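Chemist: show me the folded form of this:
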Amino acid sequence: MAKPVYALIGSDALMQQEALTAVLRELPRDAQRSDYDGETAELAQILDELRSFALFGSGKVVVVRNAEQFVSRFRSQMEEYVSKPSASATLVLRFSSLPSNQRIYKLLVKVGKIESCAPPKDLSAWIIERGRAVHGLSIAPTAARFLADLIGDQLGRIDNELAKLALTYDSRKIDEDQIAGAVVFQREREMWDLTNALGAGNPAEAVSRWRQLVQADSSAQFRAVTWLCLWLENVRKALAMLARGQDAWTIGQTLRIWPREQAHRFVQTVKSLGQPGLARAVDLLAQIDYQTKTGVGEAAENVERFLLSLGTELKHPIPST
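Modeler: Numbering: from 1, shown residues only. The predicted model follows:
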């Protein structure tokens, strides 16, 4: 039976949309729907809509996106409404976040229903299950991890890529090579190869790949800092794992270094940098990011300067202490 109030809580757009679709399925098919933006909607608008009868259809559903903004502006009135909601309409509040210690959260639990729309904790498992259930794909665990590394936790984009993979491969069995060969990943893979060159202790190759990438896709310069940050974070984690006595194979598995044979060369580069080299690299990357955002120098040139400076670190490393 449908509830009078629903709260969809979480920042992921796909999870939000699917939760909203599930709510709408519980309502009469001819329910009259109204959508509002919580940043600009007025309280009287929402309450009038909820408390008036539908002119057409057998009920009403009022959807408020950015609901945290709306609740912040009309907290006491919304708490009062949720405690005694209209029997002739359904209210759906879409939050990016809502602390569970707030009174309205507790009222929503008591009177309505809360749906979590946060990204899954185990993204690889989600990819495998989503591929199977929605797209009819059999995805190897290593392939799922690779896809997660390429895309991150953007579930909507992952779902789009799964749909494309389902159309591309008749076998329906997906491994790392098939994902790596997909056209949509071309630019990401080129950046991946660039950081692999760094990991192999070959900054000259990284610079060469960077120049080729910028020539082919000028927008790459605005994604490079993110990729380099992720690479430096892996360096930091690898240093910590080395300090605990873990070997290159374990480090490669844990940090999802791909291809697998890259792990040993990556660990050697990490040892060459050490903590001092890592600290200088982080400072320099922060500096060029700031310069790019404030209009000091061209973004592509700033990234190349970082790669060249890292090359100096690798040629003349200072032993870690």
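Chemist: which residues touch stretch 93-107?
Modeler: 5-11, 16, 20, 63-68, 70-71, 75, 78-79, 82-83, 108, 114 (C-beta atoms under 8 Å, 6 or more residues apart in numbering). All C-beta atoms are positioned from the backbone trio N, CA, C, and that covers glycine.
Chemist: pull out the buried members of those.
Modeler: 5-10, 16, 20, 63-68, 70-71, 78-79, 82, 108, 114 (16 or more other C-beta atoms under 10 Å).
Chemist: report the contact partners of the nearest residue to residue 253 once chain neighbours are set aside.
Modeler: Of all residues beyond its chain neighbours, the one nearest residue 253 is residue 263 (7.8 Å), with distances taken as C-beta to C-beta, 6 or more residues apart in numbering. The contact partners of residue 263, taken as C-beta under 8 Å, 6+ apart, are 248-249, 251-253, 257.
Chemist: please repeat the previous calculation with a cut-off of 10 Å.
Modeler: Residues counted as contacts of residue 263 (C-beta atoms under 10 Å, 6 or more residues apart in numbering) are 199, 238, 247-257.
Chemist: would you show me how to pick out the buried ones of those in PyMOL?
Modeler: Buried residues among the contacts of residue 263 (16+ other C-beta under 10 Å), as a PyMOL selection:
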select buried, resi 199+238+248+251+252+255+257
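Chemist: quick one: least confident of the contacts of residue 263?
Modeler: On pLDDT alone, residue 256 ranks lowest of the contacts of residue 263, at 74.
Chemist: give me the buried positions along stretch 112-131.
Modeler: When neighbours are counted by 16+ other C-beta under 10 Å, the buried residues of stretch 112-131 are found to be 112-115, 117, 119-120, 123-124, 126-128, 130-131.
Chemist: end to end on it, go ahead and measure it.
Modeler: The straight-line separation of the ends of stretch 112-131 (C-alpha to C-alpha, to the nearest Å) is 32 Å.
Chemist: low-confidence ranges in this structure?
Modeler: Applying pLDDT under 70 to the chain flags the ranges 54-57, 181-189, 258-259, 315-321.
Chemist: just the contacts of stretch 93-107: which are in helices?
Modeler: Using DSSP state H, the subset of these located in helices is 16, 20, 67-68, 70-71, 75, 78-79, 82-83, 108.
Chemist: what is the helix or strand that residue 127 is a member of packed up against?
Modeler: Residue 127 belongs to helix 123-135 when assigned by DSSP states H and E. If you count contacts as 3 or more C-beta pairs under 10 Å, 6 or more residues apart in numbering; DSSP states H and E, helix 123-135 packs onto strand 138-139, helix 141-151, helix 155-168, strand 173-174.
Chemist: please consider this matter closed, and thank you.
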